[in-house]
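Colleague: I'd like to go over a predicted model; first the sequence, then the structure.
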Amino acid sequence: GDSVTQMEGPVTLSEEAFLTINCTYTATGYPSLFWYVQYPGEGLQLLLKATKADDKGSNKGFEATYRKETTSFHLEKGSVQVSDSAVYFCVQGGSEKLVFGKGTKLTVNP
Amino acid sequence: KAGVTQTPRYLIKTRGQQVTLSCSPISGHRSVSWYQQTPGQGLQFLFEYFSETQRNKGNFPGRFSGRQFSNSRSEMNVSTLELGDSALYLCASSLQGIRTDTQYFGPGTRLTVL
């Protein structure tokens, strides 16, 4: 069945470090792909999305490119800040259900 | 615009009881979907309702059911509660559905089954 595999962490970085969180998916067809973020004490919210192959989603300095050939949607940010500390979920949208990765907890230290 | 609201925020029940959770979507959103979040299984899709019809269902037993009203508000019911049903239950709303739309999540209902 459809599944999403993401780096589980936890990940701890220093401020201004480079971030990559890997995400790969298995699906029939061409799903939409999302990154959602859960900041401490807050609800899940969309960070970025891509709805077709080669699309790049970007927001708040984060980027992810929909790679059909490698079935991947890796999240990257060039310089993380303390305020980026949160749990990040890679999500696959399909015609029948949303499929979530396990989540990656990121802590950024000053 | 008001966000997605869920009531109650916290619930404590005992095994064998049933529970009803409520979700009010963002105004104008016709799709409401429900999720179970546990430390062991993570976030799992329960079902989606669109214009009062269940459009999709995840791999949960029939004890989990839901419905949607004409104003798009949705309820989820769990009958014959088990200890393993303890979880955070999230609902989300969107304009057209789960395939491509951004989902707007509520704060969740924390259910504890004793």
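Modeller: Everything's here; your move.

Colleague: nearest residue to residue 60 in space, please, no chain neighbours.
Modeller: This is for chain A. A:L47 (7.1 Å; C-beta to C-beta, 6 or more residues apart in numbering or on different chains). Yep, even glycine has a C-beta here, placed from its N, CA and C like the rest.

Colleague: wait, chain B
Modeller: The shortest distance from B:F60 to any non-neighbouring residue, by C-beta to C-beta, 6+ apart, is to B:L46 (5.7 Å).

Colleague: now do the buried residues in stretch B:3-14.
Modeller: B:4, B:6, B:11, B:13 (16 or more other C-beta atoms under 10 Å in any protein chain shown).

Colleague: which members of those residues additionally contact chain A?
Modeller: Among these, no residue lies close to chain A (C-beta under 8 Å from any C-beta of the partner chain).

Colleague: anything in the helix or strand of chain B with the lowest mean pLDDT near chain A?
Modeller: When each helix and strand of chain B is scored by mean pLDDT, DSSP states H and E, strand B:53-57 comes last, with a mean of 92. Yes: between strand B:53-57 and chain A, judged by C-beta under 8 Å from any C-beta, the touching residues are B:N56.

Colleague: do I have it right that the residue nearest to A:K60 meets A:E63?
Modeller: No: assessed by C-beta atoms under 8 Å, A:L47 is found out of contact with A:E63, at 10.2 Å.

Colleague: may I see the buried residues of the least confident helix or strand of chain B?
Modeller: Quick answer for strand B:53-57 (16+ other C-beta under 10 Å): B:55-57.

Colleague: mind checking what helix or strand follows that strand in sequence?
Modeller: Scanning forward in sequence from strand B:53-57 by DSSP states H and E, the next helix or strand is strand B:64-68.

Colleague: how long is stretch B:55-69 end to end?
Modeller: In stretch B:55-69, first residue to last residue: 14 Å (C-alpha to C-alpha, to the nearest Å).

Colleague: so residue 48 is in which element?
Modeller: By default, I'm working from chain A. strand A:44-50.

Colleague: let me rephrase: I mean chain B.
Modeller: Going by DSSP H and E, B:E48 is part of strand B:42-50.

Colleague: which helices and strands sit right next to that strand?
Modeller: strand A:98-100, strand B:31-38, strand B:53-57, strand B:64-68 (3 or more C-beta pairs under 8 Å, 6 or more residues apart in numbering or on different chains; DSSP states H and E).

Colleague: columns distance to B:L83 on top of these, output as JSON lines?
Modeller: JSON lines is the format used below for the helices and strands packed on strand B:42-50 (distance: least, C-beta to C-beta, whole Å):
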{"stretch": "strand A:98-100", "distance to B:L83": "23"}
{"stretch": "strand B:31-38", "distance to B:L83": "12"}
{"stretch": "strand B:53-57", "distance to B:L83": "23"}
{"stretch": "strand B:64-68", "distance to B:L83": "15"}
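
Colleague: rewinding a little: quick one: strands adjacent to the least confident helix or strand of chain B?
Modeller: Applying DSSP bridges, strand B:53-57 is found paired with strand B:42-50 (antiparallel).

Colleague: got phi/psi on A:S83?
Modeller: The phi/psi pair for A:S83 (degrees, to the nearest 10) reads phi -70, psi -10.

Colleague: ok, residue 8 - contacts?
Modeller: I went with chain A, as the question did not name one. A:102-104 (C-beta atoms under 8 Å, 6 or more residues apart in numbering or on different chains).

Colleague: I was after chain B.
Modeller: The neighbours of B:P8, taking C-beta under 8 Å, 6+ apart as the test, are B:21, B:109.
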